[in-house]
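Trainee: Just to be clear, the model below is a prediction. Sequence and coordinates:
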Amino acid sequence: MSSAAEQEAVADGQAAGEPRPAAVVNGTRRAPAGAVWPGTPMPLGARFRVGPDGVAGTNFALWAGGAEGVELCLFDEKGTETRLRLTELTHEIWHGFVPGVLPGQRYGYRVHGRWDPWTGARWNPAKLLLDPYARAVDGEFSLPAEVYGHVRDWPDQHVADTVRDDRDSAPYVPKGVVVHDDDDWADDRRPKTPWADSVIYELHVRGFTALHPGVPEELRGTYAGLAHPAAIEHLVKLGVTAVELLPVHQFAHEDHLLRRGLRNYWGYNSIGYFAPHAAYAASGTTGQQVGEFKRMVRALHAAGIEVVLDVVYNHTAEAGEYGPTLSLKGIDNRGYYRLRSDARRYADYTGCGNTLHVVQPHVLRLITDSLRYWVTEMGVDGFRFDLAAALARSMHDVDMLSPFLAVIAQDPVLRRVKLIAEPWDVGSGGYQVGAFPPLWTEWNDRYRDAVRDFWRHALPDVREMGYRLSGSSDLYAWGGRRPYASVNFVTAHDGFTLRDLVSYERKHNEANGEGNRDGTDDNRAWNCGHEGETDDEDIRALRRRQLRNLLSTLLLSTGVPMLVAGDEMGRTQRGNNNAYCQDNEISWVDWSLLDDPGWRALFDLTARLIALRHRHPVLRRRAFFSGRAHSADGLRDLAWFTARGTEMTEADWYAPAATLGMYLSGRDIPGRDERGEPITDDSFLTVLHAGDHPVPFTLPGPPWAERYELLLDTSRENQSEPPGTLHAAGTDITVPERAVLLLRVR
């Protein structure tokens with residue numbers, strides 16, 4: 001509790017013993033110290049501006065429905081707190097303009113109201129709260145008992161969350177920072193890469209450059225490090241068109257990790273939807289992180305690379321009823337979170353303790369305001385939505401006509417950027433692959449599973465593989481959606497790396513400290529005969545061949561390919577398939593791999609395949625295949641062949657098969673180019689063989705081809721030069737065991 005002197009000072013708008021702040025800006029008037037003018041309810045957050053009569057200051061606005069009072073708390077460099085009451089209330093928004101508050105000022109809120117967890121009310125003014133609209137955050141979250149709104153060590157733990165803790169949390173939580181919005185994007189040129197032409201590269205800001213020898217040590221692991229020419233050079237050489245950054249919203253580390261000496265590395269624990277995560281900044285954390293992030297985006301754009309953010313709007317770092325009180329829980333718990341019929345408990349569709357109540361207008365506004373901010377003021381080009389099905393829930397069920405999806409569809413800013421759904425959550429009915437509306441693309445886990453199963457020779461039949469290779473029309477050919485609605489991936493941050501997928505069959509997550517219980521057991525992996533690393537050269541060679549097969553399949557498939565940073569050069573996590581808490585060499589990209597000729601060859605192959613994809617529109621179609629003949633000779637845009645050189649029959653599709661031939665016609669590409677001319681290209685035959693013995697394959701004759709030129713053979717270690725061998729149609733070629741052959745029609 002505050003002393004009487006402190007309470008008197010707060011009532012007067014000033015902390016006890018704190019000198020009254022001066023409101024001095026070059027050429028502007030002074031205002032009465034400690035004054036709070038009415039200000040405006042919009043925009044929400046802390047916005048520096050020049051107010052009435054030329055006085056500079058900051059307008060503060062906080063939505064806190066149901067609250068009985070709000071105090072704005074300002075902190076000086078020593079951490080001394082000044083409390084100012086916000087007395088203006090407009091449509092449940094508490095607001096005030098404070099003269100003399102300049103960019104760099106640290107602040108937070110204390111919100112007054114009832115403490116009645118049984119009805120979902122959890123107001124506790126002893127807890128300093130982060131502004132949901134804070135543009136920057138200074139300091140790190142630690143989670144001592146004082147940060148919890150309830151008495152964490154109450155003897156009866158069954159009701160501990162209902163007993164209020166009145167200790168002050170301010171010394172233990174970071175503060176928002178006032179930021180001056182003074183950036184001009186006039187000189188920036190967004191790449192605006194069409195979806196069909198995109199190749200996505202998922203990376204972690206810290207992990208990508210933490211060990212990069214070409215990035216100065218002081219910049220490694222930061223936004224500035226990712227913007228460094230040495231980091232961008234790798235992306236350009238590889239040929240990717242977009243980086244998908246693991247979460248960069250300000251996030252907090254979970255208590256159970258801190259107690260084990262670990263940290264949340266992935267960042268799927270957001271607490272500040274407008275603030276770039278401060279720990280990734282090399283230049284400072286009192287607003288400098290904002291400018292550093294913008295410079296990173298500009299540098300990537302200049303290299304022709306788009307920036308897509310992985311965003312977590314489905315839950316926050318405040319967890320469930322036993323979690324800390326950091327922001328929304330203390331502002332209006334019932335207004336921000338989905339609660340059960342027993343309002344003390346949270347509805348958890350995310351597996352993280354809470355779920356944001358997106359059908360509430362103020363919550364929907366928070367999310368859409370955040371999205372627009374990152375596009376218009378931070379320069380990003382799109383978003384990948386973690387557990388997007390949770391955002392599409394109306395009252396309970398997933399609803400593709402939900403307010404969230406409806407608002408996105410009509411928003412003039414957001415409907416023009418890249419939108420990627422992780423189309424599931426952990427709640428009932430949450431698996432929604434193929435169900436999202438037009439404008440959206442989706443992570444296609446059915447592609448992942450089919451490709452993994454094919455190359456470990458575990459598919460019961462090849463129908464699934466046929467659909468996935470050709471753009472997943474069974475999932476996306478409705479409502480005007482296109483093949484690029486499918487974001488194809490074999491690996492992602494969550495799960496084995498590509499190298500581990502062919503080196504381990506079981507997870508090895510002991511380093512996470514959870515008894516190897518965390519992480520999925522459904523890996524669909526094959527270790528090539530030995531679990532883990534080995535000196536056996538035959539096994540090592542087979543693993544590298546399998547990597548070439550997986551990467552070739554991904555980059556020759558119709559849809560949008562997504563790679564994970566380091567997979568192109570054999571990055572390993574030592575069998576850890578849930579490295580969310582490993583902020584160390586387990587997760588970081590090991591750049592020394594490029595010094596190994598074998599892994600360098602894998603990088604070169606990946607870059608060559610991406611370049612091939614960029615050159616040939618038949619590999620990145622904008623419309624689904626019809627499978628029908630469009631000319632008298634009977635040539636079709638897509639055809640499937642058995643190893644006998646005959647077209648697949650219905651019976652063939654329903655039988656297990658190790659060999660599959662896919663023919664893509666470059667003569668029948670729908671659409672026209674920018675000049676209105678028909679689009680034509682070479683035609684290709686891709687042969688995939690997952691068997692453990694070579695097989696003869698009869699090359700289809702007319703109308704498909706007269707001759708074929710071999711461009712790719714993944715049985716060869718060095719793919720720097722294409723084989724260039726010509727084969728007559730109708731003849732047999734030998735397909736090596738476990739290999740992909742790519743042949744061009746000549």
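Mentor: The structure has been received and is ready for your questions. Note that the structure is a prediction, hence the values are computed from the model and not measured.

Trainee: Kindly report the domain assignment for this protein.
Mentor: Domain assignment for the chain by automatic domain parsing gives 4-177, 626-745.

Trainee: winner for burial among the ones you listed?
Mentor: Of those, the one with the most neighbours on average (mean count of other C-beta atoms under 10 Å) is domain 4-177, at a mean of 19. For glycine as for every other residue, the C-beta is placed from the backbone atoms N, C-alpha and C.

Trainee: what about that domain, average pLDDT?
Mentor: The pLDDT scores in domain 4-177 average 86.

Trainee: ok, Leu130 - contacts?
Mentor: Leu130 sits next to 108, 137, 173-176, 271-272, 326-327 when contact means C-beta atoms under 8 Å, 6 or more residues apart in numbering.

Trainee: Pull the number of nearby residues for the closest residue to it other than its chain neighbours.
Mentor: The shortest distance from Leu130 to any non-neighbouring residue, by C-beta to C-beta, 6 or more residues apart in numbering, is to Ser327 (4.3 Å). Using other C-beta atoms under 10 Å, Ser327 is surrounded by 26 other residues.

Trainee: thought Ser327 was touching Thr316?
Mentor: Yes. Counting by C-beta atoms under 8 Å, Ser327 does reach Thr316; the two are 7.1 Å apart.

Trainee: re earlier: and the domains of the chain: which comes nearest Lys192?
Mentor: Checking these against Lys192 by C-beta to C-beta gives domain 626-745 as the closest, at 13.2 Å.

Trainee: TSV for the contacts of Leu130, including secondary structure?
Mentor: Formatted as TSV, those follow (DSSP: H, G, I helix; E, B strand; the rest coil):
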residue	secondary structure
Gly108	strand
Val137	strand
Val173	coil
Pro174	coil
Lys175	strand
Gly176	strand
Ile271	strand
Gly272	strand
Leu326	coil
Ser327	coil
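
Trainee: Out of these, which comes closest to Pro438?
Mentor: Each of the contacts of Leu130 was checked against Pro438 using C-beta to C-beta; the closest is Gly272, at 31.4 Å.

Trainee: one step back: got any residues that touch both of Ser327 and Thr316?
Mentor: With C-beta under 8 Å, 6+ apart, Ser327 and Thr316 have common neighbours Ile271.

Trainee: Help me confirm that Pro155 is found in a strand?
Mentor: No. Counting by three-state DSSP, Pro155 is not found in a strand; it is coil.

Trainee: re earlier: contacting residues for the residue nearest to Leu130?
Mentor: Contacts for Ser327 (C-beta under 8 Å, 6+ apart) come out as 129-132, 271-272, 316, 318.

Trainee: any chance of the residues you listed in JSON lines, with distance to Arg448 too?
Mentor: As requested, the contacts of Ser327 are arranged in JSON lines below (distance: C-beta to C-beta, whole Å):
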{"residue": "Leu129", "distance to Arg448": "40"}
{"residue": "Leu130", "distance to Arg448": "36"}
{"residue": "Asp131", "distance to Arg448": "39"}
{"residue": "Pro132", "distance to Arg448": "34"}
{"residue": "Ile271", "distance to Arg448": "30"}
{"residue": "Gly272", "distance to Arg448": "31"}
{"residue": "Thr316", "distance to Arg448": "28"}
{"residue": "Glu318", "distance to Arg448": "32"}
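
Trainee: Which members of those residues are positioned in helices?
Mentor: Counting by DSSP state H, no part of the contacts of Ser327 is found in helices.

Trainee: Would you point out the most distant pair within these?
Mentor: Asp131 and Glu318 (14.5 Å).

Trainee: returning to that earlier point: make JSON lines from the contacts of Leu130 and add distance to Ala230 to it.
Mentor: Converted to JSON lines, the contacts of Leu130 look like this (distance: C-beta to C-beta, whole Å):
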{"residue": "Gly108", "distance to Ala230": "39"}
{"residue": "Val137", "distance to Ala230": "29"}
{"residue": "Val173", "distance to Ala230": "36"}
{"residue": "Pro174", "distance to Ala230": "31"}
{"residue": "Lys175", "distance to Ala230": "34"}
{"residue": "Gly176", "distance to Ala230": "34"}
{"residue": "Ile271", "distance to Ala230": "32"}
{"residue": "Gly272", "distance to Ala230": "30"}
{"residue": "Leu326", "distance to Ala230": "37"}
{"residue": "Ser327", "distance to Ala230": "37"}
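
Trainee: closest to Pro229 among the residues you listed?
Mentor: Distance to Pro229, by C-beta to C-beta, is smallest for Val137 among these, at 28.9 Å.

Trainee: Return the set of residues that bridge with that closest one.
Mentor: Beta-bridge pairing of Val137, defined through DSSP bridges, involves Gly176.

Trainee: Make CSV from the domains of the chain and add distance to Asp500 to it.
Mentor: Listed next are the domains of the chain as CSV, based on distance: least, C-beta to C-beta, whole Å:
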stretch, distance to Asp500
domain 4-177, 31
domain 626-745, 18
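
Trainee: who wins for proximity to Asn577 among those domains?
Mentor: Evaluated with C-beta to C-beta, the domains of the chain place domain 626-745 nearest to Asn577, the distance being 22.5 Å.

Trainee: how about the closest residue to Pro700 other than its chain neighbours, what does it touch?
Mentor: By the measure of C-beta to C-beta, 6+ apart, the closest residue to Pro700 outside its immediate chain neighbours is Gly645, 5.3 Å from it. The contact partners of Gly645, by C-beta under 8 Å, 6+ apart, come to 661, 697-701, 730.

Trainee: Pro736 too?
Mentor: Contact analysis of Pro736 by C-beta under 8 Å, 6+ apart lists 689, 694, 713, 715.

Trainee: Closest one to Leu211 out of the residues you listed, please.
Mentor: Closest to Leu211, out of all of those and judged by C-beta to C-beta, is Ser715, at 32.1 Å.

Trainee: Which members of the contacts of Pro736 are the farthest-apart pair?
Mentor: Farthest apart among the contacts of Pro736 by C-beta to C-beta are Pro694 and Asp713. That separation is 11.8 Å.

Trainee: Do a quick rundown of the strands in the stretch 551-700 of the chain.
Mentor: For the stretch 551-700 of the chain, strands defined by DSSP state E, counting those that start in this stretch occupy the ranges 560-564, 638-641, 659-664, 684-689, 695-698.

Trainee: which stretches of this protein aren't confidently modelled?
Mentor: For the chain, applying pLDDT under 70 flags the ranges 1-33, 719-722.

Trainee: okay, which residue is most central for it?
Mentor: Nearest to the mean C-alpha position of the chain, by C-alpha atoms, centre = their mean, lies Asp310 at 2.0 Å.

Trainee: May I see the strands of the stretch 551-700 of the chain organised as JSON lines, with distance to Trp94 added?
Mentor: Putting these into JSON lines (distance: least, C-beta to C-beta, whole Å) gives the following:
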{"stretch": "strand 560-564", "distance to Trp94": "43"}
{"stretch": "strand 638-641", "distance to Trp94": "60"}
{"stretch": "strand 659-664", "distance to Trp94": "60"}
{"stretch": "strand 684-689", "distance to Trp94": "62"}
{"stretch": "strand 695-698", "distance to Trp94": "72"}
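
Trainee: if we compare those, which one ends up closest to Asp181?
Mentor: For Asp181, the closest of the strands of the stretch 551-700 of the chain is strand 560-564, at 32.8 Å, according to C-beta to C-beta.

Trainee: what's that closest one in contact with?
Mentor: Against strand 560-564 from outside (C-beta under 8 Å, 6+ apart): 195-196, 198-203, 240, 244, 441, 443, 484, 486-489, 491-493, 497-498, 551, 554-555, 606, 613.
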